[in-house]
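# generate a structure from the sequence data that follows.
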Amino acid sequence: MAQTNAPVILITGCSTGIGRHCAFALQKRGWRVFATARDPADVETLITDGLDDALVLDVNDDTSLKQAVDTLLTRTDHRIDAVFNNAGFGQPGALEDLPREAMREQFETNVFGAHAVTRAVLPAMRAQGWGRIVQHSSVLGFIALPWRGAYNATKYALEGLTDTLRQELRGSGIEAVLIQTGPVTSRFRANGWAKFKRWVDVDTSVHHDTYQAVIDRLEGDGEPPFTLGPEAVAQKLILAVESINPKPRYHVTVPTHLFKAFKRVLSSRALDTVIRWVNG
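As a prediction, this is how the structure comes out:
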């Protein structure tokens, strides 16, 4: 497909891991990929590695967001076929240990950032009469695990926003789709460990003893059971943006499928018991 006729996708959070892998996967399929990252050095690396349209985009900065979207629309003659709101992080810690600032920071990136990107691209999508809004959600968007409350809350919020958006976009030619991932190889734990050390005072917490298991998980080199590589997310992203009638939700990894089934058939108390067993 000629570059001028290639479908266009904007992907946030491409410095490493899932976002970076998905950017190259879509480019191989003929998409013109605008891969983005907050750090200009990461953007330079993306360009050097072959993503010529990589841009600086900080989802928490409205000026950065506007500049990136304006640049994309200028280069593509106002065409944008899809956006993958992938940027995000997880803030570990018991909810009672997380101050307002930590919760605000978590929501600013995972929810408000995705919302702002979506609003920025929707006018162009409405003008052309088609588009795909793909949100990177999680198994924790419908199952709440302890010590992950801030992240749980943002993914539950993202699910609600996307379900609403899907209904409000009915008849526009624009689809809103969720990708619900489970354990996938990335820098998620390393980033979470930095946030944990920033905001949680382990020594004064009533959860002091329990936190050792949290710390072991965040510092460990091993992967949780059923962990998949980022290519598993890329496969679902391809379906989300290329299917004529995409599903509202795509599940990634065995735990996501299992917990979806548990959610349907178990009572809340029974599900709590399963979660405690899984969480150790």
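
# what strand or helix carries residue 66?
When elements are defined using DSSP states H and E, residue 66 is found to belong to helix 62-75.

# which helices and strands does the host helix or strand of residue 127 pack with?
Assigned by DSSP H and E, residue 127 falls within helix 114-128. In this structure, helix 114-128 packs against helix 62-75, strand 82-85, strand 131-138, helix 149-168, strand 174-181, with contacts taken as 3 or more CB pairs under 8 Å, 6 or more residues apart in numbering; DSSP states H and E. (Glycine included, C-beta is placed from N, CA and C.)

# how about those in JSON lines, adding distance to residue 7, mean pLDDT and mean neighbour count?
Written out in JSON lines, the entries for the helices and strands packed on helix 114-128 read as follows (distance: least, CB to CB, whole Å; pLDDT from 0 to 100; neighbours: other CB atoms under 10 Å):
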{"stretch": "helix 62-75", "distance to residue 7": "13", "mean pLDDT": "98", "mean neighbour count": "16"}
{"stretch": "strand 82-85", "distance to residue 7": "7", "mean pLDDT": "98", "mean neighbour count": "28"}
{"stretch": "strand 131-138", "distance to residue 7": "10", "mean pLDDT": "98", "mean neighbour count": "26"}
{"stretch": "helix 149-168", "distance to residue 7": "21", "mean pLDDT": "98", "mean neighbour count": "19"}
{"stretch": "strand 174-181", "distance to residue 7": "14", "mean pLDDT": "98", "mean neighbour count": "24"}
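
# what's the closest of the ones you listed to residue 102?
Each of the helices and strands packed on helix 114-128 has some distance to residue 102 by CB to CB; the shortest is helix 149-168, at 6.6 Å.

# show me the contact partners of the closest one.
Where contact means CB atoms under 8 Å, 6 or more residues apart in numbering, the residues beyond helix 149-168 that reach it are 88, 90-95, 98, 102-103, 106-107, 110-111, 114-115, 118, 133, 135, 137-138, 140-142, 144-145, 175-178, 248.

# Produce a PyMOL select command limited to the buried residues of the residues you listed.
The command below creates a PyMOL selection of those among the contacts of helix 149-168 that count as buried (16 or more other CB atoms under 10 Å):
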select buried, resi 88+90+91+92+93+94+98+102+103+106+107+110+111+114+115+118+133+135+137+138+140+141+142+144+175+176+177+178
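
# relative to residue 156, how far out is residue 54?
As for residue 54, its distance to residue 156 is 31 Å (criterion: CB to CB, to the nearest Å).

# what does residue 186 give?
Distance from residue 186 to residue 156, by CB to CB: 21 Å.

# likewise residue 91?
Using CB to CB, residue 91 is found at 14 Å from residue 156.

# equivalent analysis for residue 28, please.
With the distance defined as CB to CB, residue 28 ends up 34 Å from residue 156.

# in the helix or strand bottoming out on mean pLDDT in the chain, which residues are buried?
Here the helix or strand of the chain ranked lowest by mean pLDDT, DSSP states H and E is helix 211-219, holding a mean of 85. Judged by neighbour count (16+ other CB under 10 Å), helix 211-219 contains these buried residues: 211, 214, 217, 218.

# I'd say the first one and residue 205 touch.
To tie it back to what came earlier, the one meant is residue 211. Yes: shown here, residue 211 and residue 205 form a contact pair, counting by CB atoms under 8 Å, at 6.6 Å.

# what about this protein, any weak spots by pLDDT?
Counting by pLDDT under 70, the ranges of the chain that qualify are 1-4, 280.

# could you rerun that using 50?
Low-confidence segments of the chain, defined by pLDDT under 50, span residues 1-2.

# and residue 177, what are its bridge partners?
When bridges are taken as DSSP bridges, the partners of residue 177 come out as residue 134.

# quick one: it and residue 132 touch, right?
Yes: distance between residue 177 and residue 132: 6.4 Å, which falls inside the contact criterion (CB under 8 Å).

# now the common contact residues for the two.
Shared between the contact lists of residue 177 and residue 132 (criterion: CB under 8 Å, 6+ apart) are residues 240, 246.

# and residue 44, how close does it get to residue 52?
12 Å.

# dump stretch 222-242 to PDB, keeping only the CA atoms.
Output in PDB follows, covering the C-alpha atoms of stretch 222-242 (Å, rounded to 0.1, in the frame of the first residue of the first chain):
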ATOM      1  CA  GLY A 222      10.300 -13.800  37.000                       C
ATOM      2  CA  GLU A 223       7.000 -13.400  35.200                       C
ATOM      3  CA  PRO A 224       3.600 -14.400  36.600                       C
ATOM      4  CA  PRO A 225       2.000 -17.600  35.300                       C
ATOM      5  CA  PHE A 226       0.500 -17.300  31.800                       C
ATOM      6  CA  THR A 227       2.500 -14.200  30.900                       C
ATOM      7  CA  LEU A 228       2.500 -13.500  27.100                       C
ATOM      8  CA  GLY A 229       4.700 -11.300  25.000                       C
ATOM      9  CA  PRO A 230       3.500  -8.000  23.500                       C
ATOM     10  CA  GLU A 231       2.700  -9.700  20.300                       C
ATOM     11  CA  ALA A 232      -0.400 -11.100  21.900                       C
ATOM     12  CA  VAL A 233      -1.700  -7.500  22.400                       C
ATOM     13  CA  ALA A 234      -0.700  -6.600  18.800                       C
ATOM     14  CA  GLN A 235      -2.800  -9.500  17.500                       C
ATOM     15  CA  LYS A 236      -5.900  -8.100  19.200                       C
ATOM     16  CA  LEU A 237      -5.100  -4.500  18.200                       C
ATOM     17  CA  ILE A 238      -5.000  -5.700  14.500                       C
ATOM     18  CA  LEU A 239      -8.500  -7.200  15.000                       C
ATOM     19  CA  ALA A 240      -9.700  -4.100  16.700                       C
ATOM     20  CA  VAL A 241      -8.600  -1.700  13.900                       C
ATOM     21  CA  GLU A 242      -9.000  -3.900  10.800                       C
END
